[in-house]
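>>> Pasting the sequence and the predicted model now:
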Amino acid sequence: MTHTKQQMTRVRGTVTALSAAAFLATLAAPAASAHTAHAGHHAPSARIPFTQAVVTAAATPGTYEISWKAPGTRHVTVKANGRTVASGGSTGTVKVTGLPANADRQWFDLTADRGRGLHLADRLVKLDGAVNFRDAGGYRTSDGHWVKMGEIYRSDALDKLTPADLAKLKRLGIDTDFDLRMASERSAAPDRVPAGTSYVVADVLAGQDTGTTLPTTEAAAVAMMTDGEKFMVSGASAKTAYRKVFSGITAGDSVLFHCTAGKDRTGWANAALLTALGVPRETVMADYLASNDYRAEANAAALASMPPEQAKVYKPLLDVRAGYLNSGFDEVRDTFGSFDAYERQGLGISKAELRDLKRDLLV
């Protein structure tokens, strides 16, 4: 790597910024809105005709909105819990009410008059002790496959999970929890995971100096976050951590990865995963930026507790912004030359392992 020393100098401030953002983020109820969620489990001979499909949980328990686009089809049926709850044409949006209010996750099966169906759920997994726990899958790839749901999860900190939360996660069947946080974060707020879930430290910022003074201007805060994103791509400890996570995913386990806010270190992990699977960049960006929605209440509470001028400086530390993620992809290009090269050299994924990853996670 060229410019490693420069990156290591820049990231010291970034590490502090990430810690500050984690400290300031207070617990809040999960966001009411959700984003796309899809997967399918039908015969492998037929293609999936759906180009879009979204399940959104309403504020009223047991109420959902389902929308879809399936060009070339005439009829789509929506089932929940084994019974038909709605139907429509090749394009549709329906509201479904009266479903169980206490379901861990409400799943829907969308089937068209041709091709394979989709198995969908609201992306957010609602927990009392976390606000950004969501399914990492449910997106369409450029070649028409879909990333399975119920396989990979991403989250913010897990230290405040309640017994009910832990029971729910136990039922989700998560095999491995990858903790992307620093030692100081892990010590101050140790993970709570269900019995039987393996806990693995994958410290993205391991060994970095966290004593640097926080930024004093909004521009400095933005620069700090941008430089931190670059380190997540090419920093030595970051590459080691993400290799550990991806090796766990390729082993076929149901995997959870998380940091403190579930947006930066976790955000790059999921952006890299989706990109490796063939999800278009605009979809990857939308998934990344969704943390602003899920964390909106927590972030607003944190900023409201500060004087206005301080809040202006700290807001970039709590946000996710397109410029941050784009700087990560720019670092991939500048350091590795291509994302394919980053997969091999940065994430340690061989061509054979990538084929296995796609076989396990795509339908």
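In hand now; what should we look at? Every value quoted in this text rests on a predicted model; they were computed, and no experiment measured them.
>>> And the strands in this structure, which stretches?
Along the chain, the stretches classed as strands by DSSP state E are 52-57, 64-69, 76-80, 83-88, 91-96, 107-112, 118-121, 134-135, 152-155, 176-179, 198-201, 255-258.
>>> Enumerate every residue touching Trp328.
Actually, residue 328 is Gly rather than Trp. Glu229, Lys230, Met232, Val233, Trp268, Ala271 (Cβ atoms under 8 Å, 6 or more residues apart in numbering). Every C-beta, even on glycine, is put in place using the N, C-alpha and C of the backbone.
>>> Distance of it relative to Leu214?
22 Å (Cβ to Cβ, to the nearest Å).
>>> Next: Arg243.
Taken as Cβ to Cβ, the span from Arg243 to Leu214 is 30 Å.
>>> ditto for Ser247
Between Ser247 and Leu214 the distance, using Cβ to Cβ, works out to 35 Å.
>>> and if you look at Ala57?
37 Å.
>>> what's the nearest residue to Gly117 if we skip its chain neighbours?
Thr111 (3.9 Å; Cβ to Cβ, 6 or more residues apart in numbering).
>>> hang on, isn't that neighbour packed against Lys79?
Yes - the pair Thr111 and Lys79 passes the contact test of Cβ atoms under 8 Å, sitting 7.5 Å apart.
>>> Which one's more surrounded, those two?
Thr111 (22 against 16; other Cβ atoms under 10 Å).
>>> Check that one and give its pLDDT.
Thr111 is assigned 97 on the pLDDT scale.
>>> so it bridges to which residues?
Applying DSSP bridges to Thr111 gives these bridge partners: Thr77.
>>> Tell me how far it lies from Arg140.
For Thr111, the distance to Arg140 - Cβ to Cβ - is 17 Å.
>>> One more: Ile174?
24 Å.
>>> go on, Thr250?
With Cβ to Cβ as the criterion, Thr250 and Arg140 are 22 Å apart.
>>> And the helices in the protein?
4-24, 163-172, 183-188, 218-234, 236-250, 265-277, 281-294, 296-304, 308-318, 322-336, 339-345, 351-361 (DSSP state H).
>>> closest to Ala206 out of the ones you listed?
Nearest to Ala206 among these is helix 236-250 (4.1 Å), distances taken as Cβ to Cβ.
>>> Which residues are in contact with Arg105?
Contacts of Arg105 by Cβ under 8 Å, 6+ apart are Ala121, Asp122, Val125, Leu172.
>>> what's the answer for Lys312, then?
Listed by Cβ under 8 Å, 6+ apart, the contact set of Lys312 reads Glu218.
>>> Make 26 the first number, not 1, from now on.
Understood, numbering begins at 26; the last thing we discussed is Lys337.
>>> Burial check on Glu322, number of neighbours?
Counted with other Cβ under 10 Å, Glu322 comes out at 17.
>>> same thing with Ala95?
Neighbours around Ala95, by other Cβ under 10 Å: 27.
>>> pretty sure it is touching Val101, no?
Yes - using Cβ under 8 Å, Ala95 is in contact with Val101, at 5.8 Å.
>>> what residues are shared contacts of those two?
With Cβ under 8 Å, 6+ apart, Ala95 and Val101 have common neighbours Ser115, Ala137.
>>> what's around the nearest residue to Val225 once chain neighbours are set aside, how many residues?
Nearest residue to Val225, sequence neighbours excluded (Cβ to Cβ, 6+ apart): Phe203, at 5.1 Å. Per other Cβ under 10 Å, the neighbour tally for Phe203 reads 23.
>>> Model confidence for Phe203, exactly?
At Phe203, pLDDT is 98.
>>> Kindly state the beta-bridge partners for it.
Val225, Phe282.
>>> Next one: the nearest residue to Asp216 once chain neighbours are set aside from Ile91, what distance?
In space, and not counting its chain neighbours, Asp216 is closest to Leu183: 4.6 Å by Cβ to Cβ, 6+ apart. For Leu183, the distance to Ile91 equals 30 Å [Cβ to Cβ].
>>> Same check on Asn295?
In terms of Cβ to Cβ, Asn295 sits 24 Å off from Ile91.
>>> do Lys151 as well
For Lys151, the distance to Ile91 - Cβ to Cβ - is 18 Å.
>>> If anything else comes up later, I'll come back, but that's it for now.
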